[in-house]
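[1] Got a predicted structure here, sequence first:
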Amino acid sequence: MINIESKQAIESLCPEVGEEIIQDFFARMDDDYFATFSPEEISTHIRMSCALDPEHPAQCRITPRGEDEFDIIIVGLDYLSEFSIFCGLLSAFGLDIRAGKIYSFARQTPGAARRRPTRRSSRIKASQSLPRKIVDVFNIRGAGFDEARRREFEQELHTLVRMLAAGSSEQARERLNRFLTERIERMDERLSGLLSPVEVRFDNQLSPDWTVMDARSEDAFAFLYAFSNALSLRGVYIHKVEIQSVGREARDRFFIADRRGRKIEDEREQERLRTAVALIKQFTRFLPEAPDPAKAMRHFDQFLDKIAEERIPERMVSFFAGKEGMNLLAHLLGSSDFLWDDFLSLRFKDLLPVLEDFAKTELRPDKQSLRKHLAASLSQASAFEEKKGAFNRFKDSQVFLIDVKHLLDPQVTLMDFSQALTDLAEVALDAAARICYDSLVELRGEPMRADGSPCQFTICGLGKFGGREMGYASDLETLFVHDGQGRTRGDKPIDNGLFFEHLAQQVVEFIEAREKGIFHIDLRLRPHGKAGALATPFEQLENYYSEHGEAAPFERQALIKLRWVAGDEALGRRVEKRRDNYTYSGAPWNWENALHLRRRQIRELVKPGRINVKYSPGGIIDIEYAAQYLQLLHGKDHPELRVTNTLEALDQLRRLRIISESDYEMLREAYLFLRNLIDALRIVRGDASDLVLPEEDSEEFKSLARRLGYRERDWKQGAAALAADIRQWMEKVNSDYVARFNKRGLHNFSD
């Protein structure tokens, strides 16, 4: 306890400070604080604390102590995660924490409440209206920490603490994790020391109010950040820390409490905390491997919660604690909120083996194998809702398998990924339609023709689904067609058209999907759009898509992507033949009107000053449209052009010498570049429609660059390289191809 002489000495050294503030320090700082620091140092801390307010929640003072050695004093208002933020920032600047004393204002705890009231505890109660403060003193070493770097350190420190003050602790941690990882890569600092074991001991006898946790491990770079961050992520409050390095060993003592301010006395809770701290410390080593380190760390914390909830077998925990498992997790968990949310919505325990065995997992099992596994999943279900649940669990698990394989295996190409998703979509859609059909027949009877034979229905894919070009968050653009005339045979006869209308609606509801997410069925390309029936009679489709029909020119173009995918194949082939007779009829194509519509898209769908990878000039739609225009023009005479896939169309256009070799190579490379860019955007956002690039100087754009392999030591350089490539490819598509297209027209394009 501080004596009278020390109090008087401190008061005399800061006469300008109000009595209440000084007494608050005396009342709320631990006794050993006053034994650790001199009256001169304490008066400095008190004066720094006087400058604190909501606009300035931290004060920093850096004092050189020798060659590459400094004392850093941080006095601030007390926020959760603050100590780990400071440690991470010190590591980000390449500073080695050699020693430190970390103090927080005392607070009343259950332990304190049980003790006999003292003069000091009454003062604590009287001062509860004053904000709690911290005093952190670090002794650090680091080369090149000159005045400019010190100013940069202080500026970033104040930015992070202001975020904590605003209640944005998660955003502050994410900013720090990105900042730290970028600096680590730039410094080429090795983090292998974080893989060393850590010894953690708990003691609830040394302090009446706090659990004392001793941690010993190799004194590795960023160890203190990794360890303290693990505590913060687990909701542990750090009251005081004693930092000490002895040789090559870190010996740190933490005075901690749980989320409710209580000691951590339950042995099971201690063991869970010991395991979590060890795993998070090790996972920090792999943050540089993650596309987005901030997302990776946040998701790993949630991952640990799921492991505890699901009681994962020890074999699995051991795998994920190893280098291979940690590396896989860093790539996966740092990829997308969208994927992680889907991951959490599935049966967590069943999907964990996917990561363990992903190298052996086949990306594209054949359709027959998919049908067999789906049938096995459905075999245990009898009622309709049970089948719906089993179906969607199977579909979700297969989508997850495909996504993980694409994210983690560099040998999986974009085409492999698209084809795998397309195969799954076809098998799933066919099964869903047949389950729903059988259910409706049981309720309403089977739809029959006038001659007594059963009516047929078919489903055709359009857009990316029809083109076998599906990616992350792609929906299923479909067209339901039936050949039913008359009425359904049953106890309550109904019009066959109404039967198939109900069937289409039921299939849409049967396949569950996140809003705007993958496998969301989109029927907007049906005849008459939203005003038309969900299921179209074949005769009506024939009339609509005919020389004198009501179809708009853009609908003729959209049919290029039409392909039978599920239901009755014979009827599906009839729909394809109708498409060929209409789309590839050789009837004049008003390409000037088509280009006018394209210019409208640019005006109306692209925000000024922003780049939309799909709709901006030189976007991917320019490549798709140009290929489709040429298919429309030449498809009558060259049946081999009647393909739904853009790359296949370009191949055929080159083979027929409708486009030159140089144009083909440029368009193909640009298309693949833009497709990969689009998939990277979609996996981040989980939304197929949001293809507007983030600002080039934003953290999101930097992370986007890392996802696409632009891994420069300086993240800004990687982002700049990606931005340059985007401009280069889109300008090439727009100037070298589309501009010439506009100028010469279709017939003269290959000149």
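    Received, thanks.

[2] shaky segments in the stretch 501-650 of the chain?
    The stretch 501-650 of the chain contains residues with pLDDT under 70 at 514-517.

[3] would you list every one of the helices in it?
    Using DSSP state H, counting those that start in this stretch, the helices of the stretch 501-650 of the chain run over 538-544, 553-558, 569-583, 591-605, 620-634, 646-655.

[4] Give the buried residues for the last one.
    To tie it back to what came earlier, the one meant is helix 646-655. Within helix 646-655, the residues that count as buried by 16 or more other Cβ atoms under 10 Å are 646-647, 649-650, 652-654. C-beta coordinates here come from the backbone N, C-alpha and C atoms, glycine included.

[5] Dump these into CSV; add distance to residue 57 as well.
    Shown next, in CSV, are the buried residues of helix 646-655 (distance: Cβ to Cβ, whole Å):
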residue, distance to residue 57
646, 54
647, 55
649, 60
650, 58
652, 65
653, 63
654, 63
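
[6] Pick the one among the residues you listed closest to residue 251.
    When the buried residues of helix 646-655 are compared for distance to residue 251 (Cβ to Cβ), residue 647 wins out at 60.3 Å.

[7] how far away is the closest one from residue 675?
    Separation of residue 647 from residue 675 (Cβ to Cβ, to the nearest Å) stands at 9 Å.

[8] Residue 468 too?
    Using Cβ to Cβ, we find residue 468 at a distance of 12 Å from residue 675.

[9] out of the two, which sits in the more crowded spot?
    The neighbour comparison of residue 468 against residue 675 (other Cβ atoms under 10 Å) goes to residue 468, with 24 against 21.

[10] Let me know whether residue 590 touches residue 552 as I believe.
    No - if you go by Cβ atoms under 8 Å, residue 590 and residue 552 don't touch, sitting 11.0 Å apart.

[11] The residue nearest to residue 290 when sequence neighbours are not counted: neighbouring residues, count only.
    Distances taken as Cβ to Cβ, 6 or more residues apart in numbering place residue 334 nearest to residue 290, at 2.7 Å, with adjacent residues excluded. Per other Cβ under 10 Å, the neighbour tally for residue 334 reads 29.

[12] mind listing what residue 334 touches?
    287, 289-293, 295-296, 299 (Cβ atoms under 8 Å, 6 or more residues apart in numbering).

[13] Mark which of those residues are part of helices, please.
    With helices defined by DSSP state H, the entries of the contacts of residue 334 inside them are 293, 295-296, 299.

[14] what's the spacing between residue 521 and residue 566?
    Per Cβ to Cβ, residue 521 is found 11 Å from residue 566.

[15] actually residue 292, not the one I typed
    Counting by Cβ to Cβ, the gap from residue 292 to residue 566 is 37 Å.

[16] Of these two, give the one with the bigger neighbour count.
    residue 292 (27 against 24).

[17] For the more buried one, which non-adjacent residue is closest in space?
    residue 703 (4.2 Å).

[18] what does residue 729 give?
    residue 670 (4.6 Å).

[19] my read: the one you found touches residue 735, true?
    No - using Cβ under 8 Å, residue 670 is not in contact with residue 735, being 11.8 Å away.

[20] Compare these two and say which one has the larger neighbour count.
    Neighbour comparison, residue 670 and residue 735: the larger count goes to residue 670, with 21 against 12 (by other Cβ under 10 Å).

[21] Quick check: the more buried one is in a helix.
    Yes - with DSSP: H, G, I helix; E, B strand; the rest coil as the criterion, residue 670 is located in a helix.

[22] quick one, what contacts it?
    Applying Cβ under 8 Å, 6+ apart, the residues near residue 670 are 623, 729-730, 732-733.

[23] Go again with 10 Å.
    Contact analysis of residue 670 by Cβ atoms under 10 Å, 6 or more residues apart in numbering lists 618, 620, 622-623, 728-730, 732-733, 736-737.

[24] Please report how far it lies from residue 726.
    With Cβ to Cβ as the criterion, residue 670 and residue 726 are 10 Å apart.

[25] do residue 184 as well
    Counting by Cβ to Cβ - residue 184 and residue 726 are separated by 27 Å.

[26] Tell me how many other residues surround residue 98.
    So residue 98, with other Cβ under 10 Å, has 15 neighbours.

[27] What backbone torsions are found at the residue nearest to residue 456 when sequence neighbours are not counted?
    Distances taken as Cβ to Cβ, 6+ apart place residue 568 nearest to residue 456, at 4.0 Å, with adjacent residues excluded. Note on residue 568: its backbone torsions stand at phi -70, psi 120 [degrees, to the nearest 10].

[28] What about residue 568, how many residues nearby?
    Look at residue 568: counted by other Cβ under 10 Å, it has 18 neighbours.

[29] and if you look at residue 450?
    For residue 450, the count of nearby residues is 8 (other Cβ under 10 Å).

[30] Which pLDDT value belongs to it?
    At residue 450, the model reports a pLDDT of 74.

[31] Just say helix, strand or coil for it.
    Quick answer, by three-state DSSP: residue 450 is coil.

[32] in a strand, that's where residue 64 is, yeah?
    Yes - assessed with three-state DSSP, residue 64 lies in a strand.

[33] element containing residue 338, please.
    Assigned by DSSP states H and E, residue 338 belongs to helix 337-345.

[34] Contact partners for residue 480?
    Residue 480 sits next to 433, 457-460, 500-501, 503-505, 507-508, 521, 523, 526, 533-536, 566-567 when contact means Cβ under 10 Å, 6+ apart.

[35] thinking again about what came up before, element containing the residue nearest to residue 292, please.
    Going by DSSP H and E, residue 703 is part of helix 699-707.

[36] Mind checking what helix or strand follows that helix in sequence?
    Going down the chain from helix 699-707, the next helix or strand is helix 715-731, by DSSP H and E.

[37] List the buried residues for that next one?
    For helix 715-731, by 16+ other Cβ under 10 Å, it's 715, 718-720, 722-723, 726, 729-730.

[38] do the same with stretch 65-84
    The neighbour-count check on stretch 65-84 (16+ other Cβ under 10 Å) flags 70-84 as buried.

[39] Same check on stretch 610-629?
    Neighbour counts over stretch 610-629 (16+ other Cβ under 10 Å) mark 611-629 as buried.

[40] Poorly predicted segments of this structure, please.
    Across the chain, residues meeting the criterion (pLDDT under 70) sit at 1, 107-130, 187-194, 342-365, 485-494, 514-517, 686-688, 736-751.
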